[in-house]
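A.B. asks: Model the structure of this input:
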Amino acid sequence: MIPKIALNLGLFAVLLLALAGFSAIALAGARQADSSSLKTQSVVLIVLDGLRWQEVFDGPDASLMDKDHGGVEDPAALRREFWRDTPEERRKAVLPFLWGAVAQKGVIFGNQHRDSIARVTNGLKFSYPGYNEMLAGHPDPRIDKNDFGPNPNATVFEWLDSLPALHGSVAVFATWNTFADIFNVRRSGLFVQAGWLVSWPSPLTPRETMLKELYDTTTHIDSDGVLDSFMQAQLLDYLETNRPRALFVGFGETDDWGHNGRYDLLLESAHHDDQGIAALWDRMQADDAYQGHVTFIITTDHGRGNSLEQWKRHGKDVDGAENIWIAVIGPDTPPLGELANAPPVTQSQIAATVAAFLGGDYRSAVPSAAPPLPLVLGFDEAASPLPVAKSRD
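C.D. replies: Numbering: from 1, shown residues only. Now for the predicted structure:
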């Protein structure tokens, strides 16, 4: 015979389990309701390879705007183009969309002057490990070189493409051939246009014919990386007839010119890429399929060094190359602008953020992935503990 006290305890335990189950169901329902309340229906992840947080937040570095340290061909012309009286004016001269649109309507992490820290966690501080961390949501110590080969990790874009609602609505445009491996096209089956590896449609339109001729007749300054402007033209053409809901865009020239020690061309490339991002934003906002329902996440894969020589380099032995920046603009992201005194964020949080904007719980499939970025998915601004950075004198 079961004692009364044991019976009562057993009933109490059953009641607790039932309540816990009910709470779990209610919580799942609340999460589903939260995701369904998001206005975002499409996400674009944009990367400017190797663009330092220093140029993003401070604008051009005066000590590099010369021939000796910056390899600048015409220092006077460069200063006329980008030098201004204050850091705020200088950074806006280089990146007018980032500081004229995103800073007004979105959120920007990574200004270390304001105690806002954004970093990579892979420890290697170069491209393939960074892209894997960003796209898979976690670092992988096996990926220790840029020519590693096909990525053993499924990226968040591959995961999104596996969902019935998003299958066939994922696309990748990037200037580096290696993205074919980073997104493991053989396994993932994603639409990827990477570097010089272009799949041309048939028949070609007159514009595609002209662009293909440019690809075929342009000298490869970088054997595995195409010019940013070529990729940008292909991307905008693609959007004429396709409406991807998850889109990756990878610009590469900012890193290339950094390695070549050409600070003038690095700044010009950053400026042109910013204009390209603005053109992409305007194109999508003018399209009824995207207007008011698209979120841009803009970032970099790694930083660079801080000194007069180390700005050209990055890697595990380069101090400061772990520091990055992340910007977000879209209908669900509050207009906090440049954050100050903010909790640190990591590159590994980007994957789950991309999924969350589309109503997906990426960590349910990849538990090792970092959680989504804070703040960007909306919150009560009146209760926010994070002040917006004020302009510097």
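
A.B. asks: Residue 53 is in contact with residue 303, isn't it?
C.D. replies: Yes: with contact defined as C-beta atoms under 8 Å, residue 53 and residue 303 form a contacting pair (6.1 Å). Where you see a C-beta, it was placed from the backbone N, CA and C, and this is true even at glycine.

A.B. asks: Please identify which of those two sits among more neighbours.
C.D. replies: residue 303 (27 against 24; other C-beta atoms under 10 Å).

A.B. asks: Common neighbours of residue 53 and residue 303, please.
C.D. replies: Taking C-beta atoms under 8 Å, 6 or more residues apart in numbering as the contact rule, residue 53 and residue 303 both touch 323-324.

A.B. asks: Tell me, how many residues neighbour residue 323?
C.D. replies: Around residue 323 there are 21 residues (other C-beta under 10 Å).

A.B. asks: ok, now which ones touch it?
C.D. replies: 52-53, 110, 112, 117-119, 303.

A.B. asks: Return the distance of the residue lying closest to it once chain neighbours are set aside relative to residue 50.
C.D. replies: Among residues not flanking residue 323 along the chain, residue 303 sits closest, at 4.3 Å (C-beta to C-beta, 6 or more residues apart in numbering). Going from residue 303 to residue 50 by C-beta to C-beta, to the nearest Å gives 8 Å.

A.B. asks: overlap in contacts of these two?
C.D. replies: Joint contacts of residue 303 and residue 50 (C-beta under 8 Å, 6+ apart) are residue 314.

A.B. asks: low pLDDT regions in the chain?
C.D. replies: 1-36, 379-393 (pLDDT under 70).

A.B. asks: Kindly recompute the last result at 90.
C.D. replies: By pLDDT under 90, the low-scoring segments of the chain are 1-37, 197-202, 204-205, 220-224, 378-393.

A.B. asks: how's it carved up into domains?
C.D. replies: 1-37, 41-383 (automatic domain parsing).

A.B. asks: Out of those domains, which one sits most buried?
C.D. replies: domain 41-383 (a mean of 19; mean count of other C-beta atoms under 10 Å).

A.B. asks: so how far is that one from its chain's centroid?
C.D. replies: Distance of domain 41-383 from its chain centroid, counting by C-alpha atoms, centre = their mean, to the nearest Å, is 5 Å.

A.B. asks: Please enumerate residues in contact with the strand or helix carrying residue 230?
C.D. replies: If you go by DSSP states H and E, residue 230 is part of helix 228-241. Contacting residues not belonging to helix 228-241 are listed as 171, 173-175, 193, 198, 207-208, 211, 214-215, 218, 249-253, 269, 272-273, 276, 279-280, 283-284, 287 [C-beta under 8 Å, 6+ apart].

A.B. asks: can you give me the strands in the chain?
C.D. replies: Using DSSP state E, the strands of the chain run over residues 42-48, 107-109, 118-119, 170-174, 191-194, 246-251, 294-299, 326-329, 337-338, 345-346.

A.B. asks: List the contacts of residue 310.
C.D. replies: So residue 310 contacts 304, 318-320 (C-beta under 8 Å, 6+ apart).

A.B. asks: meant to ask about residue 151, not that
C.D. replies: 132, 136, 143, 181-184.

A.B. asks: Quick check: helices, which of the residues you listed are part of them?
C.D. replies: Counting by DSSP state H, these place 132, 136, 181-182 in helices.

A.B. asks: before we move on, back to that, which two in the contacts of residue 310 are spaced the farthest apart?
C.D. replies: Pairwise distances across those (C-beta to C-beta) peak at 10.3 Å, for the pair 304 and 319.

A.B. asks: my guess is residue 322 meets residue 304, correct?
C.D. replies: No: shown here, residue 322 and residue 304 do not form a contact pair, counting by C-beta under 8 Å, at 10.4 Å.

A.B. asks: Understood, closing this out.
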